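**Q** I'll drop the sequence and a predicted model, then ask my questions.
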Amino acid sequence: MEVSNHSTVKEFILLGFSIAPHLQILFFAIFLIAYLLVLAENIIIIVTVWTNCNLHSPMYFFLSNLSFLEIWYVTVTLPKTMLSFVSVTKQISFMGCMTQLYFFLSLGNTECLLLAVMPYDRYVAICKPFHYSTIMRHTVCFYLTMGCWLTGFLISGCKVFFISQLTYCGPNIINHFFCDVSPLLNLSCTNMERAVLMDFVAAIFILLMPLSVVILSYIYIIFTVFHISSAHGCQKAFSTCASHLIVVIVFYATSIFIYLRPKTLPVHDTNKIMSALYAVVVPLFNPIIYCLRNQEIKDSLQKILFRKRVSMQKY
C-alpha cells in the first residue's frame, strides 16, 4: 500500500473522548476490562469449537472465524485508545494512522461479508436440508471464508490508497479516538472528490450487497419455517437464527449510520459514541449473544468445565 509522501502533516493528534481529567483512569479501566473480555470470550469460543468434534460443522466454522476476526478488530483500535487515557501525548504518525485505518476497515469489511455468509449457511440448512452436506462442503466453506477475507482487505486497500494520496496541510487534530475515514477527509486541503467517491462506492458494495444477501436469506428462512408443521421444529429453526439476526441488526445499523453518510460532515461526540458501539460494544456482546442462545455451545462449555473439574480433583 503506497502512501503519499507530499503531505506536510507528518503526524496526527487523536483527541479521543472529551472527559474530565479525573475520569481518565476510570475510562482506561473500562476500556481495558472490555478489551480483555473480548479477547477471553472469543478465545473461549475458538477453543470450544476446535476441541469438540460435535461443533465441527460449517456454522461453527464461520463462527470461529468471526471470533478470530473480532480479536484483531478490537486490537487495532483499543490499545491506542487506552494509551491516550494515561498519556499526555496523543500523537500518531501519518504511516501509523493509515495503517490503523487500513486494518480497521479491512477487518470491518470482512465482518460484513462473514455476517452475510452465515445466514446463507442457515438458509441452506433450513430450506435445503437434504442437500446441505453437498452444498456446504468443507472446501466450499473454506473458499467462502477466504473470499470474505481477501475481498475485505482488497477493498480497504483501494479506499486507503486514495485517502493516503490526499495532502494534509494542517491542522492535524483528529476529533476521534482512532483514525477513521470522515475525520481524515475533513482535514484534507486538496480536492478529495475521488477519495469520497471511492469510499462511498466501496461502502455501498461492502454494506448493502451483503445486507441484501442477509435479507433474502431470512425471507426464504421465514417462509420455510412457517410451513414447518412441528412447533418444536419451528422453534428450533428460529432459535438457530435469532442470535445471528440480533448481531446483524446492531452491526449493520451502526455501520450504515457512520459510513453511508456524507463524509465531509463534521465529527461530533454522537459519531464517536456510535463508533464506540460498533468498535467496542458489538464485539463485546457478540460472543455472549451467540453462547447464551446456542445450546450446543453451552453444552460443550459445560463438558469442558466438567472435565477440567474432574482432572483437578484427581490431583
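**A** Looks like it arrived, so ask away.
**Q** what's the burial count for Phe104?
**A** Phe104 sits with 23 neighbouring residues when counted by other C-beta atoms under 10 Å. Where C-beta positions appear, they are placed from N, C-alpha and C, glycine not excepted.
**Q** So it versus Arg122, what's the distance?
**A** 28 Å (C-beta to C-beta, to the nearest Å).
**Q** how about the helices in the stretch 151-300 of the chain?
**A** 181-187, 193-203, 209-225, 231-259, 269-276, 282-292, 295-314 (DSSP state H, counting those that start in this stretch).
**Q** could you dump these to TSV with mean pLDDT, mean neighbour count and distance to Trp72?
**A** Shown next, in TSV, are those (pLDDT from 0 to 100; neighbours: other C-beta atoms under 10 Å; distance: least, C-beta to C-beta, whole Å):
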stretch	mean pLDDT	mean neighbour count	distance to Trp72
helix 181-187	86	21	19
helix 193-203	82	17	20
helix 209-225	87	16	19
helix 231-259	72	17	16
helix 269-276	76	16	17
helix 282-292	81	19	10
helix 295-314	67	12	21
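**Q** do you know which of these lies nearest Leu83?
**A** helix 269-276 (16.1 Å; C-beta to C-beta).
**Q** Now do that closest one: which elements does it pack against?
**A** Applying 3 or more C-beta pairs under 8 Å, 6 or more residues apart in numbering; DSSP states H and E, we find helix 269-276 packed against helix 231-259.
**Q** need the contact list for Ser188.
**A** Neighbour list for Ser188: Leu166, Thr167, Tyr168, Ala195 [criterion: C-beta atoms under 8 Å, 6 or more residues apart in numbering].
**Q** Compare these and tell me which is most surrounded.
**A** Ala195 (23 neighbours).
**Q** hang on, isn't it packed against Ile163?
**A** Yes: between Ala195 and Ile163 a contact is recorded at 5.3 Å, counting by C-beta atoms under 8 Å.
**Q** intersection of neighbour lists for those two?
**A** With C-beta under 8 Å, 6+ apart as the test, Ala195 and Ile163 both reach Leu185.
**Q** Give me the below-cutoff pLDDT ranges for the stretch 1-150 of the chain.
**A** Applying pLDDT under 70 to the stretch 1-150 of the chain flags the ranges 1-7.
**Q** circling back to that earlier point, which one, of the helices of the stretch 151-300 of the chain, ends up nearest to Gly16?
**A** Comparing those under C-beta to C-beta, the one sitting nearest is helix 269-276, at 8.4 Å.
**Q** quick one on the thing from earlier: what about the helices of the stretch 151-300 of the chain, which gets the closest to Met136?
**A** Of the helices of the stretch 151-300 of the chain, nearest to Met136 by C-beta to C-beta is helix 209-225, at 13.2 Å.
**Q** Name the residues that touch that closest one?
**A** For helix 209-225, using C-beta under 8 Å, 6+ apart, the contacting residues are 112-113, 115-116, 119-120, 122-123, 126-127, 234, 237-238, 241, 245, 248, 252.
**Q** ok, longest helix in the protein?
**A** helix 94-127 (DSSP state H).
**Q** Check which helices and strands it sits against.
**A** strand 11-14, helix 58-86, helix 132-135, helix 138-164, helix 181-187, helix 209-225, helix 231-259.
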